[in-house]
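Trainee: Predicted model follows, preceded by the sequence.
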Amino acid sequence: MKSKQFMSVKMLLAVVFSAIMVVSCDKDDDNPRLRSVEKDLEQVEESGFTGSIVLSENSDQSFNIKVTLDSTANEEVHLVELVNGSFDDPGEVALNLKDITGTGDKVTVDNTLIKKIKIGEDSVDVNYSSFLTKETFVRVIFSEAYPDSVLAVGKFK
């Protein structure tokens, strides 16, 4: 009798162990973790305009840049640019991002599926990782009529 009970316990343990092995040997993750980073948009010369920028990775090797202004000038179209260089030594525009149409309140625009930026005369392929190695920043300009009136800037690294 004891040997039958022992065999039943032994069989049960074998089944449980096999089930654990099957579950733990799951195939590669079909949904790898996608990365993102959020940084502040800082006001320029006491403009009073602040916000945030979010860089997020997509599974197709492209990335997104979300730009949020905490407040906007009502009915003004604020230009948003990704610029090569630094705040103190800006270069050419790497990518024109979506404009922000002012409402007087907080506004967010999404720039999705970015795969190329301009560096010099060249259009360069970029993904999330390679983009973070570039010296770039986001610049928000008051309007096309006032291209030298920078409201806010932010960078991802």
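Mentor: Sure thing, it's come through.
Trainee: Next, find the distance separating the closest residue to residue 132 other than its chain neighbours from residue 60.
Mentor: Leaving aside its chain neighbours, residue 132 sits nearest to residue 157 (5.7 Å; criterion: C-beta to C-beta, 6 or more residues apart in numbering). All C-beta spots, glycine's among them, are computed from the backbone N, C-alpha and C. Per C-beta to C-beta, to the nearest Å, residue 157 is found 23 Å from residue 60.
Trainee: Each with direction, which strands does the host helix or strand of residue 65 pair with?
Mentor: Assigned by DSSP states H and E, residue 65 belongs to strand 63-69. Each strand paired with strand 63-69, and its direction, by DSSP bridges: strand 51-57 (antiparallel), strand 107-114 (antiparallel).
Trainee: want to throw those into CSV with mean pLDDT?
Mentor: Shown next, in CSV, are the strands paired with strand 63-69 (pLDDT from 0 to 100):
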stretch, mean pLDDT
strand 51-57, 98
strand 107-114, 97
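Trainee: most tightly surrounded among these?
Mentor: Comparing these by mean neighbour count (mean count of other C-beta atoms under 10 Å), strand 51-57 ranks first with a mean of 19.
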